[in-house]
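Visitor: predicted model and sequence below, questions to follow.
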Amino acid sequence: MSRTLALVTGASSGIGAAYARLLSTDHDLILVARRIDRLSDLADELRKSGAAVEVLPADLATSEGLGAVVERLAVGDVRLLISNAGAGGYARLVDVDPGEIDRMLTLNGTAPVQLARAALPGMLAAGTGSIVTVASLLAFSAGQDNPHMPPRTLYAAAKAATVAFTRTLGQELAGTGVRTQVVCPGIVATDFNNGASRDVPFAMTPEAVAHAGLAGLRLGETICVPGLEDQEAAIEALLAGETALLAGGNRPTPAARYGQPQEH
Ligand SMILES: NC(=O)c1ccc[n+]([C@@H]2O[C@H](COP(=O)([O-])OP(=O)(O)OC[C@H]3O[C@@H](n4cnc5c(N)ncnc54)[C@H](OP(=O)(O)O)[C@@H]3O)[C@@H](O)[C@H]2O)c1
């Protein structure tokens, strides 16, 4: 059986490591993260199942790290990109160190876009490929004032951008054989946010998230919410809200509640 090549970012723990383990039965792998010791241990483990595994240490919050992964993807042989690396950095915007803003937005928002851009030419030339990004249900949380939710201005903005990016890119790639998917988990029991979610009784396991993501890809889902039963109704409601804003707001005059603009 011939193996396709997958690149997984954030493969040193949690959801990324779970993806890599599941994929190792029929894929060769490139594992990306900062902790090379963990990547090397996982690579040794996965080679036992017959996978060829490359380890590519990189800090995806920096242009150097991102550049190294972009360069590897530009070779054009990767057919499955899983952009999963991410961090919460939960804080109110006023409490965020200004120097951290670029790092957080690069890791959670820019990196998946740059990696997709680098992977696309090879996939398009082959007429096949999948670009998967792990976002979060918090991408849909901007309107929620629930005080139990973490302070998340930058995280929610970056993950929401990822959802819009994936959906729009999916339309752009229709008919090319290249697919896109954004995976939006709820709370997952990993090291994320200092392992806080491990104590949450309804947290999903990282293995279940990766399993659902890959099953959703086979089902053709562009948005995969691993815990959601009625996916179709929720996506329809989302589309209906977006259509109401787009179709209702795109008019030549301001809405009545704003009054008439002064004529000059
Ligand atoms: N756990 C949750 O409750 C939850 C919920 C929804 C969405 N998510 C998303 O799921 C994804 C995976 O998170 P997880 O839950 O599996 O947490 P995790 O166990 O903490 O894994 C995060 C992964 O991202 C990598 N990473 C973090 N910063 C990086 C950087 N600057 N450069 C390169 N790699 C970096 C980490 O590797 P190194 O530290 O070795 O670099 C690690 O492999 C993230 O995108 C997260 O936003 C998580």
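Guide: It's in. Residues are numbered from 1 along each chain as shown.

Visitor: and the ligand, is the helix-or-strand element of the chain with minimal mean pLDDT touching that?
Guide: Lowest on mean pLDDT, DSSP states H and E among the helices and strands of the chain sits helix 192-195, with a mean of 92. Yes - judged by C-beta under 6 Å from any ligand atom, helix 192-195 comes into contact with the ligand at Phe192. For the C-beta atoms, the positions are set from N, CA and C on the backbone; glycine is no exception.

Visitor: buried residues in that helix?
Guide: Phe192 (16 or more other C-beta atoms under 10 Å).

Visitor: got a list of contacts for it?
Guide: Taking C-beta atoms under 8 Å, 6 or more residues apart in numbering as the criterion, the residues outside helix 192-195 that touch it are Gly14, Gly86, Ala87, Gly88, Tyr90, Pro150.

Visitor: can you pull the phi/psi pair for Cys224?
Guide: When read as degrees, to the nearest 10, the backbone of Cys224 gives phi -120, psi 120.

Visitor: burial count for it?
Guide: 23 (other C-beta atoms under 10 Å).

Visitor: just checking, it touches Leu217?
Guide: Yes - Cys224 is within contact range of Leu217, at 7.4 Å (criterion: C-beta atoms under 8 Å).

Visitor: intersection of neighbour lists for the two?
Guide: Common contact partners of Cys224 and Leu217 (C-beta under 8 Å, 6+ apart): Gln181.

Visitor: flag the shaky bits of the chain, pLDDT-wise.
Guide: 1 (pLDDT under 70).

Visitor: which residue ranges form the strands in it?
Guide: Per DSSP state E, the chain carries strands over the ranges 4-9, 27-33, 53-57, 78-83, 129-134, 178-183, 223-224.

Visitor: circling back: quick one: which of the contacts of helix 192-195 sit in helices?
Guide: Among the contacts of helix 192-195, the members falling in helices (DSSP state H) are Gly14.

Visitor: show me which of the contacts of helix 192-195 neighbour the ligand.
Guide: Answer for these near the ligand (C-beta under 6 Å from any ligand atom): Gly14, Gly86, Ala87.

Visitor: pull out the buried members of those residues.
Guide: Counted by 16+ other C-beta under 10 Å, those give Gly14, Gly86 as buried.

Visitor: quick one on the thing from earlier: nearest to the ligand, of the strands of the chain?
Guide: Evaluated over the strands of the chain, closeness to the ligand peaks at strand 27-33, with 3.5 Å, by C-beta to the nearest ligand atom.

Visitor: and that closest one, what does it pack onto?
Guide: strand 4-9, helix 14-23, helix 36-47, strand 53-57 (3 or more C-beta pairs under 8 Å, 6 or more residues apart in numbering; DSSP states H and E).

Visitor: so which of these is nearest Phe140?
Guide: helix 14-23 (18.3 Å; C-beta to C-beta).

Visitor: for Ala52, give me phi and psi.
Guide: Torsion angles, degrees, to the nearest 10, at Ala52: phi -80, psi 130.
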